[in-house]
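Peer 1: Sharing a model that was predicted from the sequence below.
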Amino acid sequence: MEPIISFRGEHFFLSNFYPFPFAWDGVTYPTLEHIYQAGKTADRSLRLAISLAGTPGQAKRLGRGVTLRPDWDRIKLAVMHELLLLKFSDPTLRNLLLDTGDRPLIEGNNRGDKFWGVCDGIGLNWLGTLLMLVRSQANVKSVKEPG
């Protein structure tokens, strides 16, 4: 089965940069990237600044400069999983995700990100792995739901 190796173009909906407003702690964030980056810190003023970043790339840059929560390395995968579950609870996005079938999802990049994705054929691909987990969970949910 042919993998999806880019979260751009027709598969942009898989990207954390895809516009999808999230509300958390009384603040609305324009993308999953914004809220993930804000979740790195316990400082409410920094979270608010990240929510106001003009682009997901700017939010990511701001997130790189925050003082990390002491438990961040331990919880970051669980946080991403929960955010992806929230994002793909939207029926339109869930259907797009389900339409990828059983294709492997690989967050291919040329930015050197070998934790969340794969660069130059090397990487842990945690974003792709979590997306496939959410897809399998959505498959189970859609089988149980009538209609």
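Peer 2: Structure received.

Peer 1: any low-confidence regions in this structure?
Peer 2: 141-147 (pLDDT under 70).

Peer 1: Which positions in the helix ranked longest in the chain come out as buried?
Peer 2: The residue-count maximum for a helix in the chain (DSSP state H) belongs to helix 126-144. Residues Trp126, Leu127, Gly128, Thr129, Leu130, Leu131, Met132, Val134, Arg135, Ala138 are the ones in helix 126-144 that count as buried (16 or more other CB atoms under 10 Å). In short, each C-beta sits where N, CA and C put it, glycine included.

Peer 1: And the furthest pair within those residues?
Peer 2: Trp126 and Ala138 (18.3 Å; CB to CB).

Peer 1: now the end-to-end length of stretch 6-24.
Peer 2: End-to-end distance of stretch 6-24 (CA to CA, to the nearest Å): 28 Å.

Peer 1: Can you mark which positions in it are buried?
Peer 2: Buried-residue list, stretch 6-24, by 16+ other CB under 10 Å: Phe7, His11, Phe13, Leu14, Ser15, Asn16, Phe17, Tyr18, Phe20, Phe22.

Peer 1: Surely the last one is within a strand?
Peer 2: Yes. The assignment for Phe22, made by DSSP: H, G, I helix; E, B strand; the rest coil, places it in a strand.

Peer 1: wait, isn't it in contact with Leu32?
Peer 2: Yes. Counting by CB atoms under 8 Å, Phe22 does reach Leu32; the two are 6.5 Å apart.

Peer 1: For the two, list the residues in contact with both.
Peer 2: The contact sets of Phe22 and Leu32 overlap at Leu83, Lys87 (CB atoms under 8 Å, 6 or more residues apart in numbering).

Peer 1: thinking again about what came up before, of all the buried residues of stretch 6-24, which comes closest to Gly39?
Peer 2: Distances from Gly39 to the buried residues of stretch 6-24, taken by CB to CB, are shortest for Phe22, at 10.3 Å.

Peer 1: Who does the closest one form a beta bridge with?
Peer 2: Tyr29 (DSSP bridges).

Peer 1: what are the ranges of the helices in the chain?
Peer 2: 32-38, 44-51, 56-64, 72-87, 91-98, 126-144.

Peer 1: mind putting the ones you listed in CSV, distance to Asn110 included?
Peer 2: Below are the helices of the chain laid out as CSV (distance: least, CB to CB, whole Å):
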stretch, distance to Asn110
helix 32-38, 18
helix 44-51, 25
helix 56-64, 14
helix 72-87, 21
helix 91-98, 24
helix 126-144, 15
